[in-house]
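Peer 1: what's the 3D shape of this:
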Amino acid sequence: MDSEITLKQEIAWASHLSLQACLLPAPKGISCANYARIPLLKTDDDDSVDVNSNNMDDSWELWNSFRMLCEHHSQLSVALDVLSSLPSPNSRARWFGESVRAAIINTNSFLTNALGYPCLSKRHQKLIAGFFNHSIQSLHGNNNDLDASHKDAFLSEVVVRQNGSVIWNVTFVCNFNDWEMDTVVSFLNLLESKTPVREVEDGSWWHLRRNGRFDICSFYDSLCESSHVAFPWKSIWRTKAPRRIVLSGKPVHSPPKGSTDLASNHNDSNFDGVQRHPLKLYLDYIGYLYQRMDPLPEQERFELGYRDFLQSPLQPLMDNLEAQTYETFEKDAVKYIQYQRAICKALQDRVPDEKVSRITTVLMVVGAGRGPLVRASLQAAEETGRKLKIYAVEKNPNAVVTLHSLVKLEGWEEFVTIVSCDMRHWDATEKADILVSELLGSFGDNELSPECLDGAQRFLKDDGISIPSSYTSFIQPVTASKLYNDVKLHKDVVHFETAYVVKLHNVARLAPTQPVFTFTHPNWSAMKSNQRYKKLQFEIPSDTGSTLVHGFAGYFDATLYKDVHLGIEPSTATPNMFSWFGMNGVSHLPASHPFTTAMDDHIGLGSRISGFHILILKSCNVQEEASSRFGLSNDVLLSVQDIFGQLVTLPLRPW
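Peer 2: Numbering: from 1, shown residues only. Modelled structure (predicted):
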């Protein structure tokens with residue numbers, strides 16, 4: 001009892017000091033129910049509790065047992081002890097879906113390079129870079145990180161004047177790493193020697209260029225160039241503060257003779273008034289790893305705000321989309337280039353070169369929106385030299401207004417007929433040679449593309465072409481601790497049985513994707529049905545170890561026409577495409593109760609009825625602790641998600 005009281009006092013003291021986190025030693029084993037009582041008593045506080053894993057062989061099971069007892073508390077995180085030997089890549093990858101807040105590296109884990117400096121092995125470098133890349137939250141849990149991809153940063157946001165001196169804003173300084181402090185100090189000294197143009201706001205600012213370089217404006221531009229003082233750009237322009245890399249142990253590397261490092265030329269750790277850290281060589285190396293990371297490409301910067309952010313899928317059949325949504329889709333040049341390629345091939349197949357002057361192809365765009373597919377179709381006709389007559393069918397009256405304006409502005413009245421009507425209700429005056437649509441959802445059919453196109457194909461010629469001609473959904477089990485906790489905040493089952501669109505980032509993909517449902521258009525079968533059932537078996541690689549399945553990630557891959565494809569399935573994803581709002585269109589299907597898998601486990605799932613997806617989870621060979629946790633026996637049904645489509649509905653309007 002004395003140890004429990006002492007621990008409570010320590011946590012209370014940390015809370016008093018407004019510390020952002022407490023680092024606690026790991027439990028001695030997976031039977032840690034008594035140890036877990038402490039964080040359970042702190043569920044209403046703002047303190048977070050970290051667990052330091054000290055055995056890489058069974059550390060995940062130790063962490064999982066502890067967080068299960070704490071009911072996946074959102075403020076419970078883990079600090080990883082990175083040893084000199086590492087487990088397999090699959091085993092390490094499990095942690096990318098967990099709430100890892102720190103990596104502790106002992107100096108004994110460092111190697112020595114040819115120049116005598118400390119360095120890490122390639123495997124360690126890849127692990128550290130992975131933690132940097134998968135960082136989505138500041139260690140300090142604030143929103144003060146400056147993101148140059150979203151706004152320009154003013155110097156006054158990070159620098160303040162106090163008693164005649166220039167100092168860093170406290171909330172900004174806390175995001176610096178130790179290895180950056182030398183640069184910070186030198187830049188501060190430089191600022192103190194200068195007089196700002198204006199006392200309150202000097203108007204100095206910096207911004208990120210498209211090529212990843214930075215501009216600094218105002219008099220600080222010449223100030224920095226003349227003084228050759230390096231500014232800590234990486235500390236400012238990061239998506240969020242990276243996960244903390246903690247160094248432990250004593251220095252085991254001596255600076256090589258003749259080194260140009262300031263600390264190596266002076267035995268005293270205090271040189272020129274600046275305190276030198278005893279682990280400076282190691283800190284500099286970690287800083288070097290971070291500094292050499294490539295800047296985010298433009299598309300990734302565009303998607304930053306959507307990383308691990310849950311969104312409800314669009315329902316374009318039931319709802320009329322807003323102008324901003326259309327505008328976002330229309331900016332996706334890659335998608336419409338692929339559509340134009342597919343239409344070009346279709347036009348060339350429908351009309352041979354010797355008949356281009358005599359035959360006019362009838363093309364119908366169903367779900368024309370504000371006209372991007374109309375534009376792509378006309379550009380394809382111009383490129384191939386084919387004559388084209390277009391029917392643009394759109395049910396959204398607001399989008400039709402914009403579509404009329406576009407046709408008039410571009411002078412397309414001779415080629416384009418606008419039909420303001422639901423595609424399923426329209427009685428076409430003639431049949432189409434080519435039917436073009438962009439009704440796909442993140443999971444392929446989840447926005448009722450099959451039902452819509454089945455209704456529209458009645459005005460397609462018997463030998464007509466549908467673009468897309470087919471599409472397949474894919475799925476895979478994932479660990480996604482952050483997403484699970486975000487859903488858990490709603491405190492009801494409904495949100496756990498709801499599909500979300502999200503840009504998966506902090507996630508561990510536990511098994512390769514597998515195809516689920518395939519739909520082909522046109523479908524002339526007399527007994528056609530869009531009901532589907534598919535039994536899948538996901539095998540976790542044997543070297544992964546135990547894992548926790550929080551849910552499933554869904555994707556799609558579509559064949560527009562012949563060899564022209566479009567998709568977001570990771571292995572075949574169309575590069576630089578962002579139309580499908582998981583930003584790559586990933587749908588996350590959470591399980592009501594996450595379940596643990598052991599080696600050789602496999603998971604089965606389910607069916608589709610009239611547009612409603614029913615997810616049936618069946619974990620075979622579930623390990624014993626998972627069985628007792630949920631009161632299950634081996635090879636049993638875990639749960640039925642969204643039975644009969646009661647929770648996620650995409651209503652078909654009456655004919």
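
Peer 1: switch to C-alpha atoms for all contacts and neighbour counts from now on
Peer 2: Will do.

Peer 1: so what's Ala428 closest to, chain neighbours aside?
Peer 2: Using C-alpha to C-alpha, 6 or more residues apart in numbering and skipping residues adjacent in sequence, the residue nearest Ala428 is Phe459, 6.3 Å away.

Peer 1: cool, His124 as well?
Peer 2: In space, and not counting its chain neighbours, His124 is closest to Leu86: 7.9 Å by C-alpha to C-alpha, 6+ apart.

Peer 1: which phi and psi does that neighbour have?
Peer 2: Dihedral pair for Leu86: phi -120, psi 150, per degrees, to the nearest 10.

Peer 1: tell me, which helix in this protein spans the most residues?
Peer 2: Scanning the chain for the longest helix, with DSSP state H as the assignment, gives helix 333-350.

Peer 1: low-confidence ranges, the stretch 251-400 of the chain, go.
Peer 2: Within the stretch 251-400 of the chain, the ranges that satisfy pLDDT under 70 run 256-276, 296, 298, 301.

Peer 1: all strands of it, in order?
Peer 2: Assigned by DSSP state E, counting those that start in this stretch, the strands in the stretch 251-400 of the chain fall at 270-271, 274-275, 360-366, 387-394.

Peer 1: just those: most buried one?
Peer 2: strand 360-366 (a mean of 23; mean count of other C-alpha atoms under 10 Å).

Peer 1: how about that strand as CSV, C-alpha atoms only?
Peer 2: Output of strand 360-366 as CSV, limited to C-alpha atoms (Å, rounded to 0.1, in the frame of the first residue of the first chain):
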residue,chain,number,x,y,z
THR,A,360,-21.2,10.7,-84.1
THR,A,361,-20.8,8.8,-80.8
VAL,A,362,-23.5,9.3,-78.1
LEU,A,363,-21.9,9.6,-74.7
MET,A,364,-23.8,10.0,-71.5
VAL,A,365,-22.3,11.3,-68.3
VAL,A,366,-24.5,10.2,-65.4
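
Peer 1: what are the contacting residues of that strand?
Peer 2: Contact partners of strand 360-366, identified using C-alpha atoms under 8 Å, 6 or more residues apart in numbering, comprise 347, 350-351, 373-374, 386-394, 423, 431-437, 456.

Peer 1: any idea which helix or strand in this structure has the lowest mean pLDDT?
Peer 2: Least confident helix or strand of the chain, by mean pLDDT, DSSP states H and E, is helix 624-630 with a mean of 31.

Peer 1: tell me the phi and psi of the nearest residue to Trp95 once chain neighbours are set aside?
Peer 2: In this structure, Trp95 finds its nearest non-sequential neighbour in Ala508, 7.0 Å apart by C-alpha to C-alpha, 6+ apart. For Ala508, the backbone dihedrals are phi -110, psi 120 (criterion: degrees, to the nearest 10).

Peer 1: pretty sure Ala508 is touching Arg94, no?
Peer 2: Yes - taking contacts as C-alpha atoms under 8 Å, Ala508 lies within contact range of Arg94: 5.4 Å.

Peer 1: okay, and the common contacts of those two?
Peer 2: Shared contacts of Ala508 and Arg94 (C-alpha under 8 Å, 6+ apart): Thr479.

Peer 1: just to revisit the earlier point, state the number of residues packed around the residue nearest to His124.
Peer 2: By other C-alpha atoms under 10 Å, 14 other residues sit near Leu86.

Peer 1: low-confidence ranges, the stretch 51-200 of the chain, go.
Peer 2: 51-58, 135-200.

Peer 1: tell me where it has strands.
Peer 2: Under DSSP E, counting those that start in this stretch, the stretch 51-200 of the chain gives strands at 76-82, 100-106, 111-112, 118-119, 153-154, 159-162, 165-168.

Peer 1: give me the nearest residue to Ala323, chain neighbours excluded.
Peer 2: The spatial neighbour of Ala323 that comes closest, neighbours along the chain excluded (C-alpha to C-alpha, 6+ apart), is Ala399 at 7.6 Å.

Peer 1: any idea which strand is longest in the protein?
Peer 2: In the chain, assigned by DSSP state E, the strand with the most residues is strand 547-561.

Peer 1: count the neighbours of Asn113 for me.
Peer 2: Quick note: Asn113 (other C-alpha under 10 Å) scores 11 neighbours.

Peer 1: what does Ser3 give?
Peer 2: 8.

Peer 1: sheet partners, orientation included, of the longest strand of the chain?
Peer 2: With DSSP bridges as the test, strand 547-561 is paired with strand 470-479 (antiparallel), strand 564-567 (antiparallel), strand 587-597 (antiparallel).
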